[in-house]
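# Have a look; sequence and predicted model below, questions after that.
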Amino acid sequence: QVQLIESGGGLVQAGGSLRLSCAASGLTFNSYVMGWFRQAPGKEREFVAAISRSGGTTNYADSVKGRFTISRDNAKNTVYLQMNSLKPEDTAVYCCAAAFTFRTTLPGMPNEYRYWGQGTQVTVSS
């Protein structure tokens, strides 16, 4: 059974930082592209970042580029999202997801991802 479990969310003031973690089990972790998505109340799920199987390639949404960093530790079956300079508009439930793909372009659409975590709440106060 595949499980993706996020942690590290919370309440932070604008300009602050958080580091999210996503621990994976039940799958061959280094065979999957990993991504982070977020969903704010009343809004559609939004792509945040993705990282290739080796960690050598990353992709970011324009809204977080330069502020967020995705990374992975294949030895620990964990993917991370370092979030700096947080803004109130970053408030959302953040989910990690796993995609089994060998495309050279990292997937950015939710339907390209096979497995999902439950999510962790990030709230940024102004």
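That came in fine, so what should we check first?

# contacting residues around residue 125?
Residue 125 sits next to 11, 12, 13, 14, 88 when contact means CB atoms under 8 Å, 6 or more residues apart in numbering. Where you see a C-beta, it was placed from the backbone N, CA and C, and this is true even at glycine.

# how near is it to residue 90?
11 Å (CB to CB, to the nearest Å).

# Residue 126 now?
Noted for residue 126: a distance of 11 Å to residue 90, by CB to CB.

# And the two? Which one has more around it.
The neighbour count for residue 126 versus residue 90, taken as other CB atoms under 10 Å, is higher for residue 90 (22 against 9).

# Tell me the confidence at residue 93?
Looking at residue 93, its pLDDT reads 98.

# Show me the beta-bridge partners of it.
On DSSP bridges, the residues paired with residue 93 through beta bridges are residue 39, residue 121.

# residue contacts, it?
38, 39, 40, 119, 120, 121, 122.

# Now the two most distant members of the residues you listed.
Maximum pairwise distance in those, criterion CB to CB, is 13.7 Å, between 40 and 120.

# Those two: who's more crowded?
residue 120 (21 against 14).

# Correct me if wrong: that one contacts residue 83.
No - with contact defined as CB atoms under 8 Å, residue 120 and residue 83 do not form a contacting pair (11.5 Å).

# Report the residue spans of the protein with pLDDT below the cut-off.
For the chain, not a single residue meets the criterion pLDDT under 70.

# Residue nearest the middle of it, spatially speaking?
With distances taken as CA atoms, centre = their mean, residue 36 lies nearest the centre of the chain, 2.1 Å away.

# Just give the number of residues close to residue 25.
Burial measure for residue 25: 11 neighbouring residues, criterion other CB under 10 Å.

# ok, now residue 30?
For residue 30, the number of neighbouring residues by other CB under 10 Å comes to 13.
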